[in-house]
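S.K.: pasting a predicted model and its sequence here:
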Amino acid sequence: MEQVQTALWVVALLVALALAFDFMNGFHDAANSIATVVSTGVLKPGQAVIFAAFFNFIAIFIFHLSVAATVGKGIVQPGVVDTHVVFGALVGAITWNVITWYYGIPSSSSHALIGGIVGAVIAKAGAGALISAGIMKTVAFIFVSPLLGFTLGSVMMVVVAWTFRRMRPSRIDKWFRRLQLVSAGAYSLGHGGNDAQKTIGIIWMMLIATGNVLPTESAPPTWTIVSCYVAIGAGTMFGGWRIVRTMGQKITKLKPVGGFCAETGGALTLFLATALGVPVSTTHTITGAIVGVGSTQRASAVRWGVAGNIVWAWVLTIPAAAFVAAIAYWVSLQIF
């Protein structure tokens, strides 16, 4: 009886830790959804976070759980995951998120979680316990998502500039201040649809490992889905203002038309990745789109030094989170 109680206590602790990560994900990545709409002055910060949180949550009704399935069943070999692996993965991801938030660096919560899973699994069973196809698909999109965001953002900016070339700048600004509400909503929808599912996936993984859900189940319990979408929406409402300043002001100066193009290009990238079941980085995606929009004006419009620092954070995210996760895995063996 004591073992059952302990197991239930551990499961409850890990669910709480996963939801804390999900909240931190929304808090950390709020900048991705709202930086452009705030920096262009279309919405005030308080309005923007509520707006983004709403669209984060309603993504629950739109997207299939393809990303959750990838995280829950497509990264680690069956039978390897246990409570210690999940604990290590979450601690590694949360630690990296806190560090990058403190220094105002837009890093990827998604890749922090993947790095945490990789580090904890390797600490337990070695690299052979990982599913290479799932890992490679995720790693590939470290490069694909910012490049696709860059391409779509810059192409949209060129198309819009050509289409409205004869219109007065004041009128263009008026139109795109309204249209940016649509693009910001779409991006927040994509953010919720992709990022909430990563936490759903790791809770699903843990419930399977502890015998609370059968591996043959095609979907996780409904309570995990609802709680994860609520947690990421709540995190977004609190916002990560240090990162908002970096994303919305330091990379390049945006006007409403540029914000619209960056958000739309980023949203299209997220919709594609979510449909393919790829746990993509919303940070990478919107950064690429913002740089793409800025570069269509002139190369000097982009502060490449700031962009370079962000890229270094991308490179370090998976190994840094993996390192902390491996340590947390060994510590957890001594705790429960």
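M.R.: All right, it came through fine.
S.K.: what's near enough to touch the nearest residue to residue 122 once chain neighbours are set aside?
M.R.: Nearest residue to residue 122, sequence neighbours excluded (C-beta to C-beta, 6 or more residues apart in numbering): residue 326, at 6.7 Å. Bear in mind the C-beta positions are built from the backbone N, C-alpha and C, glycine included. Applying C-beta atoms under 8 Å, 6 or more residues apart in numbering, we find residue 326 in contact with 88, 92, 119, 120, 122, 123.
S.K.: pLDDT weak spots in this protein?
M.R.: Applying pLDDT under 70 to the chain flags residues 1-6, 30-33, 106, 239-254, 298-311.
S.K.: biggest helix in it by residues?
M.R.: Secondary structure of the chain per DSSP state H: the longest helix is helix 169-209.
S.K.: which strands and helices sit next to that one?
M.R.: Helices and strands touching helix 169-209, by 3 or more C-beta pairs under 8 Å, 6 or more residues apart in numbering; DSSP states H and E, are helix 2-39, helix 45-58, helix 66-73, helix 83-102, helix 109-125, helix 222-238, helix 256-276, helix 282-297.
S.K.: tabulate those (JSON lines), appending mean neighbour count and distance to residue 187.
M.R.: Output for the helices and strands packed on helix 169-209, formatted as JSON lines (neighbours: other C-beta atoms under 10 Å; distance: least, C-beta to C-beta, whole Å):
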{"stretch": "helix 2-39", "mean neighbour count": "22", "distance to residue 187": "6"}
{"stretch": "helix 45-58", "mean neighbour count": "20", "distance to residue 187": "8"}
{"stretch": "helix 66-73", "mean neighbour count": "23", "distance to residue 187": "16"}
{"stretch": "helix 83-102", "mean neighbour count": "24", "distance to residue 187": "20"}
{"stretch": "helix 109-125", "mean neighbour count": "28", "distance to residue 187": "15"}
{"stretch": "helix 222-238", "mean neighbour count": "21", "distance to residue 187": "12"}
{"stretch": "helix 256-276", "mean neighbour count": "26", "distance to residue 187": "4"}
{"stretch": "helix 282-297", "mean neighbour count": "28", "distance to residue 187": "7"}
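S.K.: residue 173 is nearest to which of these?
M.R.: When the helices and strands packed on helix 169-209 are compared by C-beta to C-beta, helix 256-276 sits nearest residue 173, at 5.7 Å.
S.K.: do you know how far residue 13 is from residue 85?
M.R.: To residue 85, residue 13 is 14 Å away according to C-beta to C-beta, to the nearest Å.
S.K.: excluding covalently adjacent residues, which one is nearest to residue 183?
M.R.: residue 263 (3.7 Å).
S.K.: list the contacts for residue 221?
M.R.: The contact partners of residue 221, taken as C-beta under 8 Å, 6+ apart, are 207, 213.
S.K.: kindly recompute the last result at 6 Å.
M.R.: If you count contacts by C-beta atoms under 6 Å, 6 or more residues apart in numbering, residue 221 has none.
S.K.: and it, how far is that from residue 231?
M.R.: The separation that residue 221 has from residue 231, given C-beta to C-beta, amounts to 15 Å.
S.K.: and for residue 136?
M.R.: Using C-beta to C-beta, residue 136 is found at 29 Å from residue 231.
S.K.: and if you look at residue 328?
M.R.: Distance from residue 328 to residue 231, by C-beta to C-beta: 21 Å.
S.K.: again with residue 335
M.R.: Relative to residue 231, residue 335 is positioned 24 Å away (C-beta to C-beta).
S.K.: just the CA atoms of stretch 316-334, as CSV, please.
M.R.: This file holds the C-alpha atoms of stretch 316-334, laid out as CSV (Å, rounded to 0.1, in the frame of the first residue of the first chain):
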residue,chain,number,x,y,z
LEU,A,316,23.6,25.7,-26.8
THR,A,317,20.0,25.0,-25.8
ILE,A,318,19.9,21.2,-26.4
PRO,A,319,23.3,20.3,-25.0
ALA,A,320,22.9,22.7,-22.0
ALA,A,321,19.5,21.4,-21.1
ALA,A,322,20.7,17.8,-21.7
PHE,A,323,23.7,18.3,-19.3
VAL,A,324,21.4,19.7,-16.5
ALA,A,325,18.9,16.9,-17.1
ALA,A,326,21.5,14.2,-16.7
ILE,A,327,22.6,15.6,-13.4
ALA,A,328,18.9,16.0,-12.3
TYR,A,329,18.3,12.3,-13.3
TRP,A,330,21.1,11.1,-11.0
VAL,A,331,19.8,13.4,-8.2
SER,A,332,16.3,12.0,-8.5
LEU,A,333,17.6,8.5,-8.0
GLN,A,334,18.5,9.6,-4.5
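S.K.: which helices and strands sit right next to the helix or strand harbouring residue 149?
M.R.: Assigned by DSSP states H and E, residue 149 belongs to helix 132-163. Helix 132-163 sits against helix 256-276, helix 282-297, with contacts defined as 3 or more C-beta pairs under 6 Å, 6 or more residues apart in numbering; DSSP states H and E.
S.K.: pull out the buried positions in it.
M.R.: For helix 132-163, a neighbour-count test (16 or more other C-beta atoms under 10 Å) marks 134-135, 137-138, 141-142, 144-150, 152-154, 156-157, 160 as buried.
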